[in-house]
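Peer 1: what follows is a protein structure lacking sequence information:
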Ligand code: NAP
Ligand code: MG
């Protein structure tokens with residue numbers, strides 16, 4: 001008998017190779033065992049274009065309503081995609097739209113496999129990056145500056161009074177200028193999401209910023225983190241025997257490299273963007289990195305950290321064999337099923353999610369993997385065997 005679900009998961013289909021993998025994962029690994037209940041939104045680029053991107057907004061609101069979503073990778077259109085898909089408009093990044101509606105923090109954690117050694121051998125446990133997903137450089141206003149121009153910040157207060165802060169005088173030559181912002185509300189949400197996640201997963205948390213240089217901007221982040229920790233979270237942390245620590249980002253990087261892992265590293269938007277690629281690569285492959293967006297009121301959206309794997313898709317379309325890694329996409333599903341199970345007290349669903357994750361790890365640890373992992377795998381008495389995209393899923397099913 002199949003496992004029953006009571007409340008649906010918000011399912012967001014996507015693009016290219018991951019769209020193909022998505023259907024196979026459901027067909028081979030989920031539907032034979034679960035009476036899968038989902039509310040389906042097609043976020044494939046064609047449907048986003050057809051619905052004037054309303055489908056993305058609807059999906060985000062559905063996550064708000066139902067609490068748990070799982071998303072396939074999607075194309076963020078650029079000029080080349082405009083002509084490839086003859087789009088009406090260069091639609092925004094769906095992830096950006098969903099993040100803006102849920103106001104979330106993105107947590108990224110690698111999946112560790114016995115046989116795939118991190119480039120930093122001391123990292124025996126996963127490092128989870130918590131990236132603030134609002135503001136700073138991602139919402140900046142910038143301009144080229146001509147020789148002879150000058151840049152100032154003009155602040156108009158609520159009472160109409162004005163304050164002018166000089167930035168730079170470009171009298172001897174041109175240059176560039178940028179204006180950034182963040183909001184207390186978003187920083188509080190970020191800090192709260194980080195502390196909740198630390199409590200949820202019982203891991204230490206480090207927050208790194210640059211308050212020595214950015215004495216007002218970065219310092220505001222530090223103040224808010226410290227305040228929330230001291231006033232709300234400290235007792236819970238003490239009880240779980242976990243810790244919170246602020247340090248300069250430089251210092252936290254050098255200590256991270258020497259650490260064993262097993263902690264959450266909270267970072268501002270840009271730092272998180274850049275460092276998550278470093279951490280993913282250091283653990284082996286982008287295809288082994290999970291990603292979850294957590295809103296301040298506890299809504300969860302799971303996805304793989306990688307994109308739609310375009311190069312593989314073009315091969316697939318031309319009828320060629322592909323060996324695309326589906327692990328992070330499978331873990332997006334198990335994350336969502338696990339969360340749904342927890343919310344609905346559905347132990348069978350939780351148990352299934354755990355078993356599926358174990359089956360994936362076992363498959364690779366026994367030497368069966370996709371092409372991206374073959375060169376990274378080293379284990380005594382096991383020669384890694386490269387299988388194609390579908391064979392990999394069937395091998396997992398055999399062990400499930
Ligand atoms: P990508 O799809 O992550 O792929 C980059 C390269 O990484 C691939 O060509 C492949 O290398 C390798 N790779 C990534 N995932 C893999 C997997 N599962 N299995 C095996 N190899 C994997 O990034 P991209 O090429 O920069 O972007 C492609 C599209 O994805 C773009 O349209 C972009 O907008 C979108 N994107 C979406 C998201 C999202 O929805 N969250 C995130 C990033 C990018 P080889 O070709 O060398 O095998
Ligand atoms: Mg990045």
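Peer 2: Cool, the structure landed. Since the structure is predicted, the reported quantities are computational estimates derived from the model, not experimental observations. Ligands and ions are numbered 1, 2, ... in the order given.

Peer 1: please work out which residue of this protein is closest to ligand 2.
Peer 2: Proximity of the chain to ligand 2 (CB to the ion) peaks at residue 273, 4.2 Å away. In short, each C-beta sits where N, CA and C put it, glycine included.

Peer 1: residue contacts, that residue?
Peer 2: Residue 273 makes contacts with residue 131, as judged by CB atoms under 8 Å, 6 or more residues apart in numbering.

Peer 1: so it is in which element?
Peer 2: According to DSSP states H and E, residue 273 maps onto helix 269-283.

Peer 1: who are the contact partners of the residue nearest to residue 69 when sequence neighbours are not counted?
Peer 2: Closest residue in space to residue 69, ignoring its immediate chain neighbours: residue 10 at 3.6 Å, by CB to CB, 6 or more residues apart in numbering. By CB under 8 Å, 6+ apart, residue 10 lies in contact with 38-39, 41, 59, 62-63, 66, 68-70, 301.

Peer 1: picking that back up, who's in contact with the next helix or strand after the helix holding residue 273?
Peer 2: Once the chain leaves helix 269-283, the next helix or strand it forms, by DSSP H and E, is strand 289-294. For strand 289-294, contacts defined as CB under 8 Å, 6+ apart pick out 98-99, 102, 104-111, 133, 193, 196-197, 276, 280, 283, 300-306, 328, 331-332, 335.

Peer 1: within the sheet, what are the partner strands of strand 289-294, with directions?
Peer 2: Paired strands of strand 289-294, with direction, are strand 105-110 (antiparallel), strand 300-304 (antiparallel) (DSSP bridges).

Peer 1: between those, which gets nearest to residue 341?
Peer 2: Set against residue 341 and scored by CB to CB, those come closest in strand 300-304, at 12.2 Å.

Peer 1: what mean pLDDT would you report for the closest one?
Peer 2: When pLDDT is averaged along strand 300-304, the result is 96.

Peer 1: apart from its chain neighbours, what residue comes closest to residue 262?
Peer 2: The spatially closest residue to residue 262, leaving aside those adjacent along the chain, is residue 125, at 3.2 Å (CB to CB, 6+ apart).

Peer 1: so that neighbour makes contact with residue 261?
Peer 2: Yes - shown here, residue 125 and residue 261 form a contact pair, counting by CB atoms under 8 Å, at 3.7 Å.

Peer 1: for ligand 1, what are the nearby residues on the stretch 201-350 of the chain?
Peer 2: Residues of the stretch 201-350 of the chain lying close to ligand 1 by CB under 6 Å from any ligand atom are 286-287, 303, 306-311, 324-325.

Peer 1: actually the stretch 51-200 of the chain, not the one I typed
Peer 2: 73-76, 95.

Peer 1: quick one: which two of those residues are the most distant?
Peer 2: 75 and 95 (11.1 Å).

Peer 1: pull the number of nearby residues for residue 46.
Peer 2: 13 (other CB atoms under 10 Å).

Peer 1: what is the neighbour count of the spatially closest residue to it that is not a sequence neighbour?
Peer 2: What sits nearest to residue 46 in space, not counting adjacent residues and going by CB to CB, 6+ apart, is residue 85, at 6.6 Å. Here the number of neighbours of residue 85 (other CB under 10 Å) works out to 17.

Peer 1: what's near enough to touch residue 85?
Peer 2: With CB under 8 Å, 6+ apart, residue 85 has these contacts: 45-46, 49, 77.

Peer 1: could you do residue 24 as well?
Peer 2: Residues counted as contacts of residue 24 (CB under 8 Å, 6+ apart) are 326, 389-390, 393.

Peer 1: brilliant, that's me finished.
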